[in-house]
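Asks: Sequence plus the predicted model coming up.
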Amino acid sequence: MTSPLLSIAGLSAVSDRDGGALILRDVSLTLERGEVRGLVGESGAGKSTIAKALLGILPRSVRITTGSILFENRGLLTLSARELRGIMGSEISLIPQDPQTALNPGRRIEAQLTDGLRLKRGMSSRDARQRALKLLDEVHIHNPERVLRAYPHELSGGMRQRILIAAAFALEPKLVVADEPTTALDVTVQKQILRLIRGLQEAHGTAVIFVTHDLGVVAQICDSVTLLYAGKVIEEGRTSDVLAHPQHIYTKSLVAAGPRYDRPDAGLTPVPQAVFDQLRREIGIAKESR
Ligand SMILES: Nc1ncnc2c1ncn2[C@@H]1O[C@H](COP(=O)(O)OP(=O)(O)OP(=O)(O)O)[C@@H](O)[C@H]1O
């Protein structure tokens with residue numbers, strides 16, 4: 001049997017900012033090549049902390065206390081800064097949350113899309129430009145020549161997000177971490193962007209960790225899902241199984257609560273307080289800490 005692309009095992013972390021509070025509690029998950037896994041949970045569940053650990057950008061105020069992250073059998077938490085630089089952007093890349101701030105406002109799109117191709121793949125400027133044009137075509141940008149000459153402020157939010165997606169796939173990474181990439185976009189653009197990410201990952205066989213607080217997004221694009229609460233894995237499995245037959249009462253209430261992505265007008269039923277009380281008892285955290 002081949003080993004998974006990514007294997008997180010027993011990962012725990014504390015936040016020095018929050019007075020040494022535990023923010024990841026024995027988190028384990030595996031990701032096969034080409035799999036799309038949703039990392040879902042409410043604010044503070046630990047989704048971004050896991051994503052940052054994968055990208056080697058944990059803040060100093062977060063300390064991993066136990067556990068490991070194996071990416072193709074290399075321990076990401078023990079690699080040198082130099083080794084990590086070799087992997088990040090190249091083998092693991094990020095689609096960031098906010099297309100407004102993620103692009104450099106002072107540089108044309110061409111420079112931003114071709115940097116990695118030239119510097120990390122050793123392409124000539126001409127070849128990198130051709131590749132950038134092809135990438136823009138893949139993310140369905142019309143008139144790519146004009147877009148390459150543009151500065152970010154000349155483009156809409158949806159266009160900028162497409163460019164960031166093109167950039168994330170540019171070096172043919174094995175893993176893309178998508179950090180709530182549709183949160184800042186309106187609902188119709190969100191749907192297009194989700195379809196686009198799914199299309200690209202299928203075409204390139206790329207695995208994706210998709211960070212979101214929205215189970216509707218998970219239903220639309222993820223093969224599998226890991227649900228977190230207060231840094232603990234509450235439920236995980238194939239998306240279709242988890243959504244059709246949720247096991248934990250928290251998952252059941254979230255599934256019942258909606259809102260469904262395909263029915264944005266559907267009302268939101270809040271998760272009952274008793275469910276949070278049960279979760280806290282199970283996890284062993286004090287009432288005040290939510
Ligand atoms: N820079 C930081 N330094 C220390 N602790 C942090 C830092 N950022 C977040 N935390 C803490 O880590 C915990 C988990 O936060 P995290 O951002 O991973 O959650 P999340 O699920 O991604 O939430 P959100 O959807 O709001 O981004 C929280 O208790 C938070 O206070």
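Replies: Done, it's in.
Asks: Geometrically speaking, which residue is the centre of the protein?
Replies: Nearest to the geometric centre of the chain sits residue 178, at 2.7 Å (Cα atoms, centre = their mean).
Asks: so where does that residue fall, helix or strand?
Replies: strand 175-179 (DSSP states H and E).
Asks: That strand and the ligand, are they touching?
Replies: No. Shown here: strand 175-179 not in contact with the ligand (Cβ under 6 Å from any ligand atom), separated by at least 8.3 Å. (C-beta placed from N, C-alpha, C; glycine too.)
Asks: Give me the packing partners of that strand, helices and strands only.
Replies: helix 47-55, strand 92-95, helix 157-169, helix 187-204, strand 207-212 (3 or more Cβ pairs under 8 Å, 6 or more residues apart in numbering; DSSP states H and E).
Asks: Can you redo the ones you listed as CSV, where the extra columns are distance to residue 35 and mean pLDDT?
Replies: Rendered in CSV, the data for these read as follows (distance: least, Cβ to Cβ, whole Å; pLDDT from 0 to 100):
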stretch, distance to residue 35, mean pLDDT
helix 47-55, 14, 95
strand 92-95, 14, 94
helix 157-169, 16, 92
helix 187-204, 9, 91
strand 207-212, 5, 96
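Asks: Would you tell me which of these gets closest to the ligand?
Replies: Nearest to the ligand among these is helix 47-55 (3.1 Å), distances taken as Cβ to the nearest ligand atom.
Asks: on that earlier part again, can you count the residues close to the closest residue to the residue nearest to the centre of the chain other than its chain neighbours?
Replies: Excluding the flanking residues, the one nearest residue 178 by Cβ to Cβ, 6 or more residues apart in numbering is residue 95, at 4.3 Å. Neighbour count for residue 95, taken as other Cβ atoms under 10 Å: 25.
Asks: I figured residue 95 hits residue 165, correct?
Replies: Yes. Residue 95 lies in contact with residue 165 (Cβ atoms under 8 Å); the separation is 5.6 Å.
Asks: Overlap in contacts, these two.
Replies: Common neighbours of residue 95 and residue 165 (criterion: Cβ atoms under 8 Å, 6 or more residues apart in numbering): 181, 197.
Asks: which residues of this structure score low on pLDDT?
Replies: 1, 258-269, 287-290 (pLDDT under 70).
Asks: where along it do the helices fall?
Replies: Using DSSP state H, the helices of the chain run over 47-55, 81-87, 99-102, 109-119, 125-138, 144-149, 157-169, 187-204, 215-221, 239-244, 249-257, 273-283.
Asks: Tell me which other helices or strands the fourth one touches.
Replies: Secondary structure elements in contact with helix 109-119, counted by 3+ Cβ pairs under 8 Å, 6+ apart, are helix 125-138, helix 144-149, helix 157-169.
Asks: okay, the ones you listed, which one's buried deepest?
Replies: Counting by mean count of other Cβ atoms under 10 Å, helix 157-169 has the highest mean neighbour count of the helices and strands packed on helix 109-119, with a mean of 23.
Asks: which strand residues sit across from the residue lying closest to residue 54 once chain neighbours are set aside in the sheet?
Replies: Using Cβ to Cβ, 6+ apart and skipping the chain neighbours, the partner closest in space to residue 54 is residue 177 (5.6 Å). Applying DSSP bridges to residue 177 yields these beta-bridge partners: residue 94, residue 209.
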